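Chemist: Give me the fold of what follows.
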Amino acid sequence: MSNQFEFYAPTRVIFGRDTEKKAGSLLREYGAQSVLLVYGGRSAEASGLLQTVRDSLEAEGISYAELGGVVPNPRLSKVYEGIRVGREQKTDFLVGIGGGSAIDTAKAIAYGLANPEHDVWDFYTKKANPSACLPVAAILTIAAAGSEMSDSSVITNEETGEKKGCNTNLSRCRFAIMNPALTLTLPDYQTCSGATDIMMHTMERYFTNKGNMQMTDVIAEGLIRTVMDNALILHKDPSDYEARAELMWASSLSHNGLTGCGNGGNDFMSHKIEHELGGMFDVTHGAGLAAVWGSWARCVYKNCLSRFVKFAKNVMGIDGEGKTDEQIAEEGIAAMENYFHSIGMPVNMRELGISPTDEQIEELTDRCLAACMGYTGAAKSLTREDFRSIYLSAR
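Modeler: Next up, the predicted model:
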């Protein structure tokens, strides 16, 4: 059974080699006059990417300021710093250079600049809703978060340990520059963590109990298989441009809403569970998702059995002859965990490198339940005891 849906993906994509050289002309086309470049560490400078972007802006007579130092699980303090810089520079356009952390930070700054009457963190804690957002663009250097085409921005408040998201169409990027060659120097762990995040964005939309469309399922299953194949290639040969191109495009398609069209509501409980780990322990997001997914899946699969059976057969290649549906589903879950291991990803918290105490498990559980704000999943509606059991099982 399909459901009514609205698909909105307004981001313009400029894909291929050397496309970063077009940044200045594109920003001029969109009317930018004062740009804030938001990026992470030394790699953007060392690779020459940042200088290429500067040159393209200068060639178009566009003024710019820079905000470096964005880190994984991007910090609220950096967002506040960016808002101060943006006000001083009269910024009218934000460009996130990097992956999800840089893009999400740029979006948060854009919210803050466009809504000066609010503390931007209120948008993430749902105390207020943004009414505007300065235009944002992305120059992608890692295939993972999909923020370049999504409505999402996730920020960590380092003072409270909270990791929260703000989702509105206001922050969707005007354009995204995607040159797969910019990802060639990524460490293997980051590449494979990114691939995991891409798959999860589709799986969160796939495992639902309220109707799905065959066409959407075919797209989703094909996307997951494509990511699995190409992540394995890159795990062995990180220099493969074609495999990086496949991952980069999959990253965008996995989180722009396409793989959820016609379903009865997304799940995203694996993300909620991991966000609390990220807030407390500052773990790599994709690896954290891999560490909790199996425990989540074993908690919910009997309530979403037909979807897990379909996933096991169509994605993981499980032969169902002579087996019960539960056996097929369980084999599919185990096969996914075996795949995670094949690309160096963890399947529990010990392998992730963290060991939460009993007290921390209780805190994670309470935080996760509070962050859900009443919505606790589309595969199965999780209780507090379910969240606690998932954390304990994943430990």
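
Chemist: where do the strands sit along this structure?
Modeler: 12-15, 34-39, 63-67, 93-98, 136-140, 152-157, 162-167, 175-178 (DSSP state E).

Chemist: For the first one, which helices and strands make contact with it?
Modeler: Right, strand 12-15. With contacts defined as 3 or more Cβ pairs under 8 Å, 6 or more residues apart in numbering; DSSP states H and E, the packing partners of strand 12-15 are strand 175-178, helix 241-254. Where C-beta positions appear, they are placed from N, C-alpha and C, glycine not excepted.

Chemist: out of the ones you listed, deepest packed?
Modeler: Sort those by mean neighbour count, taking mean count of other Cβ atoms under 10 Å, and strand 175-178 sits at the top with a mean of 25.

Chemist: Give me the nearest residue to Tyr64, chain neighbours excluded.
Modeler: Distances taken as Cβ to Cβ, 6 or more residues apart in numbering put Val35 closest to Tyr64, at 4.4 Å, once the chain neighbours are dropped.

Chemist: In contact with the one you found: list those residues for me.
Modeler: The neighbours of Val35, taking Cβ atoms under 8 Å, 6 or more residues apart in numbering as the test, are Leu27, Leu57, Ile62, Ser63, Tyr64, Ala65, Thr91, Asp92, Phe93, Leu94, Val95.

Chemist: Just the buried residues out of those residues, in PyMOL syntax.
Modeler: What follows is the PyMOL syntax for the buried subset of these, where burial is set by 16 or more other Cβ atoms under 10 Å:
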select buried, resi 27+57+62+64+65+91+92+93+94+95
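
Chemist: okay, and the helix or strand of this protein with the least pLDDT?
Modeler: The weakest-scoring helix or strand in the chain, judged by mean pLDDT, DSSP states H and E, is helix 43-46 (a mean of 88).

Chemist: Buried residues in that helix, which are they?
Modeler: Ser43, Ala44.

Chemist: Need the residues that contact that helix.
Modeler: Looking at helix 43-46 with Cβ under 8 Å, 6+ apart, the contacting residues turn out to be Leu50, Gln51, Gly68, Ile97, Gly98, Thr141, Thr185.

Chemist: Can you give me the distance of the first one to Ser43?
Modeler: In this structure, Leu50 and Ser43 are separated by 9 Å, where distance is defined by Cβ to Cβ, to the nearest Å.

Chemist: ok so, going back, which members of the contacts of helix 43-46 occur in helices, if any?
Modeler: The members of the contacts of helix 43-46 that map onto helices under DSSP state H are Leu50, Gln51.

Chemist: What segments of the stretch 1-150 of the chain are helices?
Modeler: 23-29, 43-46, 49-59, 76-89, 100-114, 121-124 (DSSP state H, counting those that start in this stretch).

Chemist: follow-up on the earlier one: I'd like the strands of the chain as a markdown table, with distance to Met345 appended.
Modeler: Output for the strands of the chain, formatted as a markdown table (distance: least, Cβ to Cβ, whole Å):
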| stretch | distance to Met345 |
| --- | --- |
| strand 12-15 | 27 |
| strand 34-39 | 26 |
| strand 63-67 | 31 |
| strand 93-98 | 21 |
| strand 136-140 | 21 |
| strand 152-157 | 20 |
| strand 162-167 | 20 |
| strand 175-178 | 24 |
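
Chemist: ok, Pro346 - how many residues close by?
Modeler: Using other Cβ atoms under 10 Å, Pro346 has 24 other residues around it.

Chemist: no no, Tyr8
Modeler: Tyr8: 10 surrounding residues under other Cβ under 10 Å.

Chemist: next one: Thr52
Modeler: Based on other Cβ under 10 Å, the number of other residues close to Thr52 is 17.

Chemist: which residues sit in contact with it?
Modeler: Taking Cβ under 8 Å, 6+ apart as the definition, contacts of Thr52 comprise Glu20, Lys21, Ala23.

Chemist: what residue ranges in the protein are flagged as low confidence?
Modeler: Scanning the chain for pLDDT under 70 picks out the ranges 1.

Chemist: ok, 80 please
Modeler: Segments of the chain classed as low confidence (criterion: pLDDT under 80) are 1-2.

Chemist: At the geometric centre of it, which residue sits there?
Modeler: For the chain, the residue whose C-alpha lies nearest the mean C-alpha position (Cα atoms, centre = their mean) is Ala145; its distance is 2.7 Å.
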